[in-house]
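>>> my questions concern the predicted model and sequence given below.
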Amino acid sequence: MANAAFMKPMQVSADLAAVVGKGPMPRSEVVKALWVYIKKNNLQDPKNKRNINADENLKKVFGGKATVNMFEMTKLVSKHLS
């Protein structure tokens, strides 16, 4: 089952928990919660929808970067899951 890993509850780092809430939660839920946060705080770049403009909380998750694209975001968020 390829999807089993995606559904397995994972520990969420303190920095990521500030954005998506306390874990453990599956990666799919983390990504969903991340998008809720991004949309609620208007962090998606209006000119380039693939880019996310980080606020202070997201900068901690994104390793200090102010802007990341969606693909990079997934990779950076993975570092906060165990």
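Right, received. Where do you want to start?
>>> which outside residues touch the top helix by length along the chain?
Among the elements of type helix in the chain, defined by DSSP state H, the one spanning the most residues is helix 27-40. Around helix 27-40, the neighbours that count as contacts under CB atoms under 8 Å, 6 or more residues apart in numbering are 5-8, 10, 12, 16, 19-21, 23, 25, 43-44, 52, 58, 73-74, 77-78, 81. Bear in mind the C-beta positions are built from the backbone N, C-alpha and C, glycine included.
>>> just the ones in helices from those, please.
Mapping the contacts of helix 27-40 onto helices (DSSP H) picks out 5-7, 16, 19-20, 58, 73-74, 77-78.
>>> closest to Gly64 out of the residues you listed?
Distances from the ones in helices among the contacts of helix 27-40 to Gly64 were compared by CB to CB; the smallest belongs to Leu58, at 10.3 Å.
>>> what about that closest one, neighbour count?
Burial measure for Leu58: 25 neighbouring residues, criterion other CB atoms under 10 Å.
>>> pLDDT-wise, which helix or strand of this protein ranks last?
Using mean pLDDT, DSSP states H and E, helix 4-7 stands out as the lowest-scoring helix or strand of the chain, at a mean of 72.
>>> my read: Met7 touches Met25, true?
No - taking contact to mean CB atoms under 8 Å, the distance of 10.2 Å between Met7 and Met25 leaves them out of contact.
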